[in-house]
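In: Structure of the sequence below:
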Amino acid sequence: MFDWLHEFFFLLTLIEHIHTSSAQPKQRGLLTLVLNVLQLQIITEAEKWAIQSSSKGEYVQIVLCTCSSAGSKRMREACNNVMQCIVDECGMCMEPETLIPIVYSRAPQVVLIGDHKQLQPIVKNRLARSLGLTTSMFERFSHHTFMLQEQYRMVSEIV
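Out: Residues are numbered from 1 along each chain as shown. Here you go, the predicted model:
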């Protein structure tokens, strides 16, 4: 059932071997190529497993994906009953990027998580910057936010 999990552990071993190896550049290049192919196979198998489970009527509670992959045909077809869409690190996403999971999930509840004062979207194009793509959706709606009263991830002296 979880054949891709065994491949994942093999992949981790291969990564460690590449980083600790004193192999020649050609050998390292070949190992890196094999690693990339295995990564793609493992990701594909994991996606197939998750999607097949949901298409068989099994209840899938959580689906994790990138903002851009949320709009893929595979995700749209498999995830047709999303109740909540959570976009993490939303402060560093460009607004159109954030809209992909929100629009395609059609979830009745959307939660944006992030810190617009910590990481902003990286926009190198001058025209895109002048059009406002450096302002994330999270920042644009920051005046409507619910802020945590306690910081759980930082040492209290630097909060």
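
In: Point to the helix or strand of the chain where mean pLDDT is at its lowest.
Out: helix 3-20 (a mean of 61; mean pLDDT, DSSP states H and E).

In: Ramachandran angles for Val110?
Out: With angles defined as degrees, to the nearest 10, Val110 sits at phi -120, psi 130.

In: Might one say that it is in contact with Met83?
Out: No. The criterion here is C-beta atoms under 8 Å, and Val110 misses it with Met83 at 10.8 Å. Placement of C-beta: from N, CA and C, glycine included.

In: which of these two has more neighbours?
Out: Between Val110 and Met83, counted using other C-beta atoms under 10 Å, Val110 has the larger neighbour count: 15 against 9.

In: That one: what's it in contact with?
Out: Neighbour list for Val110: Gln84, Cys85, Ile86, Val87, Ile102 [criterion: C-beta atoms under 8 Å, 6 or more residues apart in numbering].

In: hey, what's it bridged with?
Out: Beta-bridge pairing for Val110 (DSSP bridges): Cys85.

In: for this structure, what spans make up the helices?
Out: 3-20, 25-55, 73-78, 95-105, 126-130, 137-140 (DSSP state H).

In: and the shortest one, what does it pack onto?
Out: For helix 137-140, the packing partners by 3 or more C-beta pairs under 8 Å, 6 or more residues apart in numbering; DSSP states H and E come out as helix 95-105.

In: For the helix it packs on, buried residues please.
Out: Glu95, Glu97, Thr98, Leu99, Ile100, Pro101, Ile102, Tyr104, Ser105 (16 or more other C-beta atoms under 10 Å).

In: Contacts for that helix, please.
Out: Outside helix 95-105, the residues that reach it (C-beta under 8 Å, 6+ apart) are 65, 67-68, 70-71, 75-76, 79, 82, 85, 87, 90, 110, 112, 121, 133, 135-138, 140.

In: Mean confidence (pLDDT) on that helix, please.
Out: Helix 95-105 shows a mean pLDDT of 91 in the predicted model.

In: and what of stretch 108-127?
Out: Model confidence over stretch 108-127, given as mean pLDDT, is 87.

In: can you list the domains in the chain?
Out: Following automatic domain parsing, the chain resolves into domains at 1-61, 62-148.
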